[in-house]
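Asks: Predicted model and sequence follow; I will ask about them next.
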Amino acid sequence: MHHFRYVQGRLQAENVDLESLAQRHGTPLYVYSKATVEDHFKRLDGAMNRLDHLVCYAVKANSNLAVLNTIANLGGGFDIVSGGELYRVLKAGGKAANCTFAGVGKTRAEIEYALKEGIYCFNAESEAEVRYINQVAGELGKKAPIALRVNPNVDAKTHAKITTGKSENKFGIDFESVLGAYEMIAKECPNLEIKGVQMHIGSQLTSVDPFLEAVQKVVPLVQEVKARFGLKFFSIGGGIGIVYRQSLDSGDTSWWQEQGEAAPLSVKAYADAVVPHLEQLGLRILLEPGRFMVGNAGVMLTRVLYEKRGSAKVFKIVDAGMNDLIRPTLYEGWHQIVPTTKPATDVTEKADVVGPICETGDYLAQDRDLAPVKAGDLLAVLSAGAYGFSMASNYNTRPLAAEVMVDGSKAHLVRERQTLDDILRGEHVLPDDKETA
Ligand code: LLP
């Protein structure tokens, strides 16, 4: 379910016209639909109803304060991966007591910060990290809550760069070594409190099978850890895939009514598969969805600057580049691109949609059957709410885009466009030799 529709031939986010937003705030512009975030949260939360559970939104997918605040207001928790993300969560009205701290490389400053704020749990990914958290906690006179991330060695059947649950990936502790690691904690780490087991096998999973395989493999291990060391929770991670191709005509509002691509994963199918295995554990179940919560809730607006007809290809040159949305070039991510004014015909033309950056990889789409668009037209790049703005950079000294959140008929600027002075802040040339001599 998402709330982007053509209404009388013009694309809207909820009840707000996108062209008018682009005129007011400029482009590139990220626009989020609050109702879509809320729908997705409630849909997943509801599907897990039978379990004592907490949906911990993976902040990395979209860390805008307004998004985090929306989720905090729904009672969501958060999965963070840096001190910076914890800082954002707290600023947005979230609580550290509802946060899990993921990641293979937590620094001392981050561990101290999370301990002082009262983090719900550290999800540790190596024995060395476990020992270090134990040491830091001891020095602060605290007990650190800890879970181990188990790497179940399951193929998530997704893009290689977003697969995390195979032995050759850097994530988690090998399935075979996890029990030994818990034993080590119980024996040698007096400043740790064993609290959970965590796993996350990858992102953009479009079938329930890898989730089921991982859950079936890990549940007996969780039972054993629970029996021997005591446990509060089992986190099954994130990874629920979304639909990147959808209809924007009113009436067809089901995000899963997808045509063409791999069969999408509905939350119902996901819950039906995993809940029966989780119920028997008698533990709190945590989920860490990122993309599912915000992916379909955002679009990126970009204006066509020029058209170039080369001998081999037609290029639509737009004002957003790979610095604004890196997914197409980094993961061959496919994002639907539509004009904000509904095309009058079904006629399409094959074209590449490319940005202004000096890189061959700077494209948003290649060989795409695109509605006829000309310079000045506004395009919406769909399903850009997850890993869009949050992965943006200043490459080519391009200011970060502005972000707007739509709530019904109101549009709120939730991040101002960066200025060039914002980018240069903190940079200095060397002192003048004559002055320092
Ligand atoms: N939990 C952990 C420990 C994670 O590492 C991640 C994502 C998630 C949860 C959330 O996964 P999700 O539900 O969003 O699939 N930039 C890539 C995706 C990277 C995912 C990194 N980890 C992309 O744009 O496709």
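Replies: In hand now; what should we look at? Numbers count the residues shown, from 1 in each chain.

Asks: For the stretch 101-250 of the chain, which residue gets nearest to the ligand?
Replies: Across the stretch 101-250 of the chain, the shortest distance to the ligand (Cβ to the nearest ligand atom) belongs to G238, at 2.7 Å. To be clear about C-beta, it is placed using only N, CA and C from the backbone, and glycine gets the same treatment.

Asks: again but with the stretch 1-150 of the chain, I slipped
Replies: Nearest residue of the stretch 1-150 of the chain to the ligand: A58, at 3.5 Å (Cβ to the nearest ligand atom).

Asks: bridging residues for that residue?
Replies: Applying DSSP bridges to A58 gives these bridge partners: D79.

Asks: That one touches L286, doesn't it?
Replies: No. The pair A58 / L286 is not scored as a contact, 11.1 Å apart, by Cβ atoms under 8 Å.

Asks: Those two: which has the busier surroundings?
Replies: Set A58 next to L286 and count neighbours by other Cβ atoms under 10 Å: A58 wins out with 28 against 25.

Asks: give the contact list for that one.
Replies: Each residue near A58 by Cβ atoms under 8 Å, 6 or more residues apart in numbering is listed here: 78-79, 81, 238, 288-290, 293.

Asks: farthest pair in those residues?
Replies: Farthest pair in the contacts of A58 (Cβ to Cβ) is V81 and M293. Separation: 15.5 Å.

Asks: and stretch 21-37, is it in reach of the ligand?
Replies: No. Counting by Cβ under 6 Å from any ligand atom, the ligand is not contacted by stretch 21-37; separation bottoms out at 13.5 Å.

Asks: SS state for the residue of the stretch 101-250 of the chain closest to the ligand?
Replies: Following DSSP: H, G, I helix; E, B strand; the rest coil, G238 is assigned to coil.

Asks: Quick check: closest non-adjacent residue to it.
Replies: E288 (4.0 Å; Cβ to Cβ, 6 or more residues apart in numbering).

Asks: so the one you found makes contact with V81?
Replies: No. Here E288 lies out of contact with V81, judged by Cβ under 8 Å, at a distance of 10.2 Å.

Asks: okay, and the common contacts of these two?
Replies: Listed contacts common to E288 and V81 are 58, 102; contacts here mean Cβ under 8 Å, 6+ apart.

Asks: ok, the two, which is more surrounded?
Replies: E288 (28 against 19).

Asks: Next one: E168, what pLDDT does it get?
Replies: pLDDT for E168: 83.

Asks: Oh, that last question was meant for T397, not what I typed.
Replies: On the pLDDT scale, T397 gets 98.

Asks: Surely it touches D421?
Replies: No. T397 is beyond contact range of D421, at 11.7 Å (criterion: Cβ under 8 Å).

Asks: what's the closest residue to L29 other than its chain neighbours in contact with, if anything?
Replies: Distances taken as Cβ to Cβ, 6+ apart place L301 nearest to L29, at 4.5 Å, with adjacent residues excluded. Contact analysis of L301 by Cβ under 8 Å, 6+ apart lists 18, 21-22, 27-31, 340, 378-381.

Asks: With that, I have no additional questions.
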